[in-house]
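Engineer: just coords:
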């Protein structure tokens, strides 16, 4: 089932990449446009630091560390599943049905829909900022801290992916819900670019326990940077991101199956 | 598994009930149950070619969606090639082909051939089989010159033929066609019909098609099923449908000059006169030839044409009373 899904994903994503190459100039322009826009994103934070020395007590390299982790994780999830917001449109125009008569898992087909390499721009930019942050932060690196960085990026990508899938499942119920999903994914990544200390406690609590985005960077970063844990969480939670990711994916998978079953029994 | 005597497609008391939610105020919703398909039972034997017709919203698409495994029935038993479509959607997908007239499965920006290569890998069709099927289908549907053309540059008729090829590359045992000739020009329509006839005759593929075009049915299907308000209203030969519906064809004749209404043998009769042109209605189940011969012998005939009753009209006259009752 998983192998079949990955194979389907690979084949469909390949078709979309080749489709985008049909308009070569447009592809090149959007890639550059994407790099510029995401690049400007971090410039905003730089501008802020030209006026202040710290943000919620966090220095520029530290904020860059948060930013790099969040944007890289989000970028990976966005590359892999970022077009799931077209699901609502596909359901409205009826083309979702054509996916259901194919011998492939529907999730793989929906995930690979409109696959676009231009999304590599965001990953590139996140990785560059993360790289700069890693050499700039004032931290005594230990083996566990070094290992935690890639583990956090991968777990973060899985958490964001789960949010994408859960959002897609929700779109099956409310067919115009793409914006709700975007609020959690795009909204979430913007939120996580700033330290938790700049936000109200209730928001932090929501982001930690309701939609556990805090495990994308805030909690593990607190360990790496030697800062107090948000909401006074115990230290072991810094290593809990993979577990949180697995739990999120399991929940999202269940939500997806429920959503699909409801579509097949209600037709809407 | 289904035995030798049972049908290839079997429906027993299949129902589909939708909950339709309507906003009646802020956060308030009224839930109304709509019975899209109401206890339908029928059997289709392997190799049959059946027309499935009915007005918009009658339950045609809902039935097709249950037969393809897209929708789960609310009640009843449904089997296609011995498979329960809603439980084994992916296994069934290998054995059925589906063409949705209004939605293409082809890749818009890529050459036609690329979509076929995807099908080749998607359905894991053995190489030799794929090449053989592709060559045969492309030749029959006259698409050879178009394989390298991006789909967005194809005409509607070419794209429909392209979609039919895509649906048949994996040798499905049954082909569902939803409005396969809608919006097509006369040449494309006849190509599609001719192809479907050959497919059915030579490969024994079971074909179930929904259509608004009575000529599709006339030229392709020995058997017609009519659905309205979710119920199966008629299941039998096309000629019987005409009798049941007392539908009439129209003979349009152009005479040399303006004349009093033609004295036609009953039940044929003149229904309209406009200058030298006259319209005669006659039963759809009868041949037009004797009537034409008689008029040609007795009147200065210049030109003539025969108009088929449209499907909506046939069903409307057939079930006018029931429809009225359903409305009130």
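Structural biologist: Good, I have the coordinates. This is a predicted model, so every value here is computed, not measured.
Engineer: where does pLDDT dip in chain B?
Structural biologist: Within chain B, the stretches with pLDDT under 70 are B:1-6, B:21-29, B:242-246, B:310-328.
Engineer: redo that, cut-off 50
Structural biologist: B:1-5, B:321, B:323, B:325-328 (pLDDT under 50).
Engineer: residues from the stretch 201-328 of chain B in reach of chain A?
Structural biologist: By the rule Cβ under 8 Å from any Cβ of the partner chain, no part of the stretch 201-328 of chain B lies against chain A. Backbone N, C-alpha and C define where each C-beta goes, glycine included.
Engineer: show me where the stretch 201-328 of chain B has helices.
Structural biologist: Remark: helices assigned in the stretch 201-328 of chain B by DSSP state H, counting those that start in this stretch are B:214-220, B:238-245, B:289-298, B:311-318, B:320-327.
Engineer: which helices and strands does the longest one pack with?
Structural biologist: Pointing back at helix B:289-298 there. When contacts are defined as 3 or more Cβ pairs under 8 Å, 6 or more residues apart in numbering or on different chains; DSSP states H and E, helix B:289-298 sits against strand B:248-255, strand B:301-307.
Engineer: list the buried residues of the last one.
Structural biologist: Applying a neighbour-count criterion of 16 or more other Cβ atoms under 10 Å in any protein chain shown, one finds residue B:304 buried in strand B:301-307.
Engineer: sheet partners, orientation included, of that strand?
Structural biologist: strand B:248-255 (antiparallel) (DSSP bridges).
Engineer: got a list of contacts for the strand it pairs with?
Structural biologist: Here strand B:248-255 makes contact (Cβ atoms under 8 Å, 6 or more residues apart in numbering or on different chains) with B:262, B:268, B:271, B:276-284, B:288, B:291-292, B:295, B:299-309.
Engineer: list the buried residues in that strand.
Structural biologist: Those would be B:248-251, B:253, B:255, for strand B:248-255 by 16+ other Cβ under 10 Å.
Engineer: give the contact list for residue B:171.
Structural biologist: Residue B:171 sits next to B:125, B:129, B:133, B:203 when contact means Cβ under 8 Å, 6+ apart.
Engineer: who are the packing partners of the host helix or strand of the third one?
Structural biologist: Looking back up the chat, that one is residue B:133. If you go by DSSP states H and E, residue B:133 is part of helix B:127-140. The helices and strands touching helix B:127-140, judged by 3+ Cβ pairs under 8 Å, 6+ apart, are helix B:112-122, helix B:156-168.
Engineer: just say which of those helices is most tucked in.
Structural biologist: Compared across these, helix B:156-168 shows the largest average neighbour count, a mean of 22 (mean count of other Cβ atoms under 10 Å in any protein chain shown).
Engineer: between that one and helix B:127-140, how many degrees?
Structural biologist: 150 degrees (axes from the mean of the first three to the mean of the last three Cα atoms, to 10 degrees).
Engineer: helix B:156-168 and chain A, are they touching?
Structural biologist: No: on the criterion Cβ under 8 Å from any Cβ, helix B:156-168 is out of touch with chain A, staying 9.1 Å away.
Engineer: show me how far the next helix or strand along the chain from that helix is from its chain's centre.
Structural biologist: As assigned by DSSP H and E, the chain's next helix or strand after helix B:156-168 is strand B:174-178. Chain-centre distance of strand B:174-178: 9 Å, with Cα atoms, centre = their mean, to the nearest Å.
Engineer: next: stretch A:143-154.
Structural biologist: 17 Å.
Engineer: in that stretch, what counts as buried?
Structural biologist: For stretch A:143-154, burial by neighbour count (16+ other Cβ under 10 Å) applies to A:145, A:148-149, A:152-154.
Engineer: so how far is residue A:220 from residue A:150?
Structural biologist: With the distance defined as Cβ to Cβ, to the nearest Å, residue A:150 ends up 11 Å from residue A:220.
Engineer: again but with residue B:293, I slipped
Structural biologist: Applying Cβ to Cβ, the value for residue B:293 to residue A:220 is 92 Å.
Engineer: between the two, tell me which one has more neighbours.
Structural biologist: residue A:220 (25 against 10; other Cβ atoms under 10 Å in any protein chain shown).
Engineer: report pLDDT for that one.
Structural biologist: Residue A:220 carries a pLDDT value of 94.
Engineer: packing partners of the stretch of helix or strand it belongs to?
Structural biologist: Per DSSP H and E: residue A:220 is located in helix A:218-225. The contact analysis (3+ Cβ pairs under 8 Å, 6+ apart) places helix A:218-225 against helix A:60-81, helix A:143-173.
Engineer: from the rest of the structure, what touches that helix?
Structural biologist: Counting by Cβ under 8 Å, 6+ apart, A:62, A:65-66, A:69, A:137, A:139, A:145, A:148-149, A:151-152, A:192, A:195-196, A:204, A:207-208, A:227-230, A:233, A:235, A:237-241 sit against helix A:218-225.
Engineer: centre of the chain to the very next helix or strand once past that helix, how far?
Structural biologist: Helices and strands here follow DSSP H and E; after helix A:218-225, the next one along the chain is helix A:241-266. Helix A:241-266 sits 16 Å away from the centroid of its parent chain (Cα atoms, centre = their mean).
Engineer: go on, stretch B:193-201?
Structural biologist: For stretch B:193-201, the distance to the chain centre is 14 Å (Cα atoms, centre = their mean).
Engineer: any buried residues in that stretch, and which?
Structural biologist: Those would be B:193, B:195-196, B:199-200, for stretch B:193-201 by 16+ other Cβ under 10 Å.
Engineer: check stretch A:229-248 too.
Structural biologist: Across stretch A:229-248, burial judged by 16+ other Cβ under 10 Å covers A:229-230, A:233, A:237-241, A:244-245, A:248.
Engineer: tell me the least confident of these?
Structural biologist: Of all of the buried residues of stretch A:229-248, residue A:230 carries the lowest confidence score, 87.
Engineer: where's the residue lying closest to residue A:78 once chain neighbours are set aside relative to chain B, distance?
Structural biologist: Excluding the flanking residues, the one nearest residue A:78 by Cβ to Cβ, 6 or more residues apart in numbering or on different chains is residue A:119, at 5.3 Å. Using Cβ to the nearest Cβ, to the nearest Å, residue A:119 is found at 18 Å from chain B.
Engineer: for residue A:79, same thing?
Structural biologist: If you go by Cβ to the nearest Cβ, the gap between residue A:79 and chain B works out to 20 Å.
Engineer: what's the burial count for that residue?
Structural biologist: The tally of other residues near residue A:79 (other Cβ under 10 Å) stands at 20.
Engineer: which residues touch it?
Structural biologist: So residue A:79 contacts A:116-117, A:119-120, A:122-123 (Cβ under 8 Å, 6+ apart).
Engineer: what do you get for residue A:118?
Structural biologist: Contacts of residue A:118 by Cβ under 8 Å, 6+ apart are A:20, A:27, A:30-31, A:34.
Engineer: now with 6 Å, please.
Structural biologist: The contact partners of residue A:118, by Cβ atoms under 6 Å, 6 or more residues apart in numbering or on different chains, come to A:30-31, A:34.
Engineer: just the residues you listed now: which is nearest residue B:102?
Structural biologist: Nearest to residue B:102 among the contacts of residue A:118: residue A:30, at 29.7 Å, using Cβ to Cβ.
Engineer: do you know the pLDDT at the nearest residue to the closest one once chain neighbours are set aside?
Structural biologist: Take residue A:30 and drop its neighbours on the chain: the residue closest to it by Cβ to Cβ, 6+ apart is residue A:118, 4.8 Å away. If you check residue A:118, the pLDDT there is 86.
Engineer: is it correct that residue A:118 falls within a strand?
Structural biologist: No: per DSSP: H, G, I helix; E, B strand; the rest coil, residue A:118 lies outside any strand segment and is helix.
Engineer: mean confidence for stretch A:201-213?
Structural biologist: Rounded mean pLDDT across stretch A:201-213 is 74.
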